[in-house]
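A.B. asks: sequence and computational prediction follow.
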Amino acid sequence: MKTAGVLVAIALALALQTSLARFVVRGTAALDLVLVVVVYVALTSGPVTGMLAGSVAGIIQDALSSGTIGIGGLAKAIVGFTAGVIGQQFIVTAAFPRLVMFFLATLVHAALFMGLYVVLGLKEFPSPWAAVVSQALANSVAGIVGFAIIESLPGAMERRRYRRSKR
Amino acid sequence: MAVVDIRRRTGYLFLAVIVGHVILISTQVTTKRGVPMLEEAVFGVFSEVQRGANAVTSGVHTWWQDYFALQQVQSENDQLKKDIGELRVRLQQERALAQQTQSLQKLLDLKGSTALLTTGANVIAGGASPEFRTITIDKGTGDGLRADMAVIAPAGVVGRVIQPSGRASKVQLLIDRNAAAGALIERTRAQGVVIGSGADDLRMEYVPGSADLKAGDVVVTSGIDGIYPKGFVIGQIQSIRRSAGGYSDIVIKSAVDFSSLEAVLVVLTPPPAAVDTTGTAGKARDHE
């Protein structure tokens, strides 16, 4: 059930990512919803789930982006695992720590992703810092919002049921 | 403990995922040489495995080869030793043949240098008793040999035929104590009789004490005995001793090395009848 939920979340993230790409200025570099989902899964389910989710999501993303399959997967798997470990070791339930987690996760992912491409001589990333930082900020915001929405869902449903029952 | 195990499994899983991704990436990325990275990495790793396996198999192969090679070497060594032995024997045979050829050449030269009718013969046996200095040659009456025919060698006089048979003859050496030959000193022409001593030297008797003699003088056959042709070397004077009766007692070192006789010439032509000028026996004594 948990696995299915993760897979659905990844699928939705990919669908949103590819849909939003047309509307986001300068492409998807400003937001990586798949990475947001991976970090979220890692923080809520632990390092193994986060790692597997990052691996699967990254590979699918690589396959869809005509890049080298595995580089995104590797980067997201590492990020997922690390985020999961940190989520287990530290209390990451407040908004700011989560924001920092998303921010740092994005930076680490970018470093791994771009670093691997550069090291392997497959692609160059001239002056990536601005894009990376903007993406980190966007991911952080998206992650916080995502967390807030998901965490508020059960309460909202309870309140709705309560209001319907009063009528 | 269980927590530790889970953490360990997580670590292994993480490692497996990382390795899996690296492999996945390597299948797609090529190196600067155009070879897929996975292929190069696998080849690099596997080549080391191959190198190790090759080292092991080569070691075993070498050890195996050496073991069996040693067995082959042993048999080969035995065969080579056998071959060397045969070659040494053959070498000795060849050397002996060369020496024989050389001595035969000398005989041939001697035969050519003399007007005498001669025939070559090989020494096939020595004396049966040390008391009698004889040899056996491979020529007999079938080859025209008769008793009292002179036997000579390139170095000098050997002896005379004393017992010819159909295909072999017994030759009495001049050093036999019963042998004698008319002789003269080549330098002074003083005559006498050379007789064997049974040893390796000879004695010359009946030489007048007034004769001019000195050590080193060459003694040759005089031909007066009717056996030995005149002028063949017998030996050299080794020592001279005056004896009673007006004769000198002379010791002669034989010119022929009787211990190494291999081939000789038998003089078929009888020398002309000699005149006994010394009053001694004109014919060699034959006590055998």
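C.D. replies: Yep, it's here. The shown structure was predicted, so the numbers you read here are calculated from the model rather than taken from an experiment.

A.B. asks: what does chain A put close to chain B?
C.D. replies: Counting by Cβ under 8 Å from any Cβ of the partner chain, chain A comes close to chain B at A:47-48, A:51-52, A:55, A:59, A:68-71, A:73-74, A:77-78, A:81, A:116, A:120-122. Glycine gets a C-beta too; all of them are placed from N, C-alpha and C.

A.B. asks: check which helix or strand the most centrally placed residue in chain B maps to.
C.D. replies: Central residue of chain B (Cα atoms, centre = their mean): B:Gln92, 4.2 Å from the mean position. B:Gln92 belongs to helix B:37-113 when assigned by DSSP states H and E.

A.B. asks: elements contacting the top helix by length along chain A?
C.D. replies: The single longest helix within chain A, with elements called by DSSP state H, is helix A:129-166. Judged by 3 or more Cβ pairs under 8 Å, 6 or more residues apart in numbering or on different chains; DSSP states H and E, helix A:129-166 is in contact with helix A:33-45, helix A:95-119.

A.B. asks: most packed of the ones you listed?
C.D. replies: Across the helices and strands packed on helix A:129-166, the average number of neighbours (mean count of other Cβ atoms under 10 Å in any protein chain shown) peaks for helix A:33-45, which reaches a mean of 27.

A.B. asks: run the angle between it and helix A:129-166 for me.
C.D. replies: Angle, helix A:33-45 to helix A:129-166, by axes from the mean of the first three to the mean of the last three Cα atoms, to 10 degrees: 60 degrees.

A.B. asks: mind checking what helix or strand follows helix A:33-45 in sequence?
C.D. replies: Next along from helix A:33-45, by DSSP H and E: helix A:47-64.

A.B. asks: show me what the mean pLDDT comes to for that next one.
C.D. replies: For helix A:47-64, mean pLDDT rounds to 89.

A.B. asks: in that helix, what counts as buried?
C.D. replies: Of all the residues in helix A:47-64, those buried under the rule 16 or more other Cβ atoms under 10 Å in any protein chain shown are A:47-62.

A.B. asks: around chain A, pick out the residues from the stretch 101-250 of chain B.
C.D. replies: So the stretch 101-250 of chain B never meets chain A (Cβ under 8 Å from any Cβ).

A.B. asks: looking at the stretch 101-250 of chain B, which residue is nearest chain A?
C.D. replies: For the stretch 101-250 of chain B, the nearest residue to chain A under the criterion Cβ to the nearest Cβ is B:Thr101, separated by 87.1 Å.

A.B. asks: ok, that residue - how many residues close by?
C.D. replies: For B:Thr101, the count of nearby residues is 12 (other Cβ atoms under 10 Å in any protein chain shown).

A.B. asks: and if you look at B:Arg51?
C.D. replies: Using other Cβ under 10 Å, B:Arg51 is surrounded by 10 other residues.

A.B. asks: cool, and A:Ala142?
C.D. replies: Residues near A:Ala142, counting by other Cβ under 10 Å, number 20.

A.B. asks: which residue, other than its chain neighbours, is closest to it?
C.D. replies: Leaving aside its chain neighbours, A:Ala142 sits nearest to A:Val36 (5.0 Å; criterion: Cβ to Cβ, 6 or more residues apart in numbering or on different chains).

A.B. asks: how about A:Leu99?
C.D. replies: Closest residue in space to A:Leu99, ignoring its immediate chain neighbours: A:Ser140 at 4.6 Å, by Cβ to Cβ, 6+ apart.

A.B. asks: contacting residues around the one you found?
C.D. replies: Listed by Cβ atoms under 8 Å, 6 or more residues apart in numbering or on different chains, the contact set of A:Ser140 reads A:99-100, A:102-103, A:106.

A.B. asks: what is the nearest of the residues you listed to B:Ser248?
C.D. replies: B:Ser248 lies nearest to A:Thr106 out of those, by Cβ to Cβ, at 139.5 Å.

A.B. asks: can you check the pLDDT for that closest one?
C.D. replies: pLDDT, A:Thr106: 94.

A.B. asks: hang on, the earlier thing: where's the residue nearest to the centre of chain B relative to B:Lys82, distance?
C.D. replies: 16 Å (Cβ to Cβ, to the nearest Å).

A.B. asks: now do A:Met51
C.D. replies: Relative to B:Lys82, and taking Cβ to Cβ, A:Met51 is found at 78 Å.

A.B. asks: same question, B:Ser259
C.D. replies: Taking Cβ to Cβ, one finds B:Ser259 at 33 Å from B:Lys82.

A.B. asks: what of B:Leu13?
C.D. replies: The gap separating B:Leu13 from B:Lys82 is 73 Å, by Cβ to Cβ.

A.B. asks: for stretch B:241-252, the distance to its chain's centre please.
C.D. replies: 42 Å (Cα atoms, centre = their mean, to the nearest Å).

A.B. asks: buried residues, that stretch. List them.
C.D. replies: Using 16+ other Cβ under 10 Å as the test for burial, stretch B:241-252 gives B:247-252.

A.B. asks: likewise for stretch B:220-233?
C.D. replies: By neighbour count on 16+ other Cβ under 10 Å, the buried set for stretch B:220-233 is B:220-229, B:232-233.

A.B. asks: next: stretch A:74-89.
C.D. replies: Within stretch A:74-89, the residues scored as buried using 16+ other Cβ under 10 Å are A:74-87.

A.B. asks: break chain B into its domains for me.
C.D. replies: What automatic domain parsing lists as the domains of chain B is B:31-113, B:118-267.

A.B. asks: please identify the most buried of those.
C.D. replies: Among those, the stretch with the highest mean neighbour count (mean count of other Cβ under 10 Å) is domain B:118-267, at a mean of 19.
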